[in-house]
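In: Give me a 3D structure for the following:
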Amino acid sequence: MTDHAGGQTLAEFQRLRKHDTADRIVAMLRTIEAELYINGSLYSENQGRLNIAEVCRRAGIRPVTLRNPRHKETKNIVEAWLTNLREHGVITSKTAARKQVQARKLRRLDHNEQAMRAMAADQQKYLEEIRELRRENADLKAKLAAAQSAGNVIGMTGKRHK
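Out: Prediction:
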């Protein structure tokens, strides 16, 4: 007995549909994993929330589908996948994502503060070096002026200065 177009029995149709659902879910899990890798373990869609409903939405499947006993195995795969992500530090909620971003900002600010302190120390060192070079230059100018006034220096023109 064929119940569906294409001559499939109801059982065959349901089996194919179950496999199609599982394939779409697994493909979306791989896509999300790639996105998480690119975004540094932050889920960028759905305001940072990653859950079963979001995986279903992204796979083009209604979340209620995984409540069906036929899809228990697929639901278990998604739940295990989400648990694994959370255990490995992937941020899967809006609050956690905000906290993670805030922590990154604080680390960046701390790094920038340290860099600014190092630059300020370098600046002080260079300013002191400039002051020393200016003193040395002034001393050399004074010695040159004294030597010129004593007539001990020949200028660039070859004439003696008096």
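In: longest helix anywhere in the protein?
Out: As assigned by DSSP state H, the longest helix anywhere in the chain is helix 94-149.
In: for that helix, what is the average pLDDT?
Out: Mean pLDDT, computed over helix 94-149, is 87.
In: Please give the centre-to-centre distance between that helix and its chain.
Out: Centroid separation for helix 94-149 versus its chain: 29 Å, with C-alpha atoms, centre = their mean, to the nearest Å.
In: Show me the domain layout of this structure.
Out: Domain ranges of the chain: 12-92, 106-152, per automatic domain parsing.
In: Serialize those domains to a markdown table and add fields for mean neighbour count and distance to Q100.
Out: To be clear about C-beta, it is placed using only N, CA and C from the backbone, and glycine gets the same treatment. Formatted as a markdown table, the domains of the chain follow (neighbours: other C-beta atoms under 10 Å; distance: least, C-beta to C-beta, whole Å):
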| stretch | mean neighbour count | distance to Q100 |
| --- | --- | --- |
| domain 12-92 | 15 | 5 |
| domain 106-152 | 10 | 11 |
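In: In JSON lines: those domains, plus distance to R98.
Out: Shown next, in JSON lines, are these (distance: least, C-beta to C-beta, whole Å):
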{"stretch": "domain 12-92", "distance to R98": "7"}
{"stretch": "domain 106-152", "distance to R98": "13"}
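In: Quick one: closest of these to K99.
Out: Closest to K99 of those is domain 12-92 (C-beta to C-beta; 8.2 Å).
In: doesn't R62 make contact with T21?
Out: No: T21 is beyond contact range of R62, at 10.1 Å (criterion: C-beta atoms under 8 Å).
In: mind listing what L29 touches?
Out: By C-beta atoms under 8 Å, 6 or more residues apart in numbering, the contact set of L29 is V55, I77, V78, W81.
In: and the strand or helix carrying it, how far from the chain's centre?
Out: When secondary structure is defined using DSSP states H and E, the element that contains L29 is helix 10-38. Centroid separation between helix 10-38 and its chain, computed with C-alpha atoms, centre = their mean, is 28 Å.
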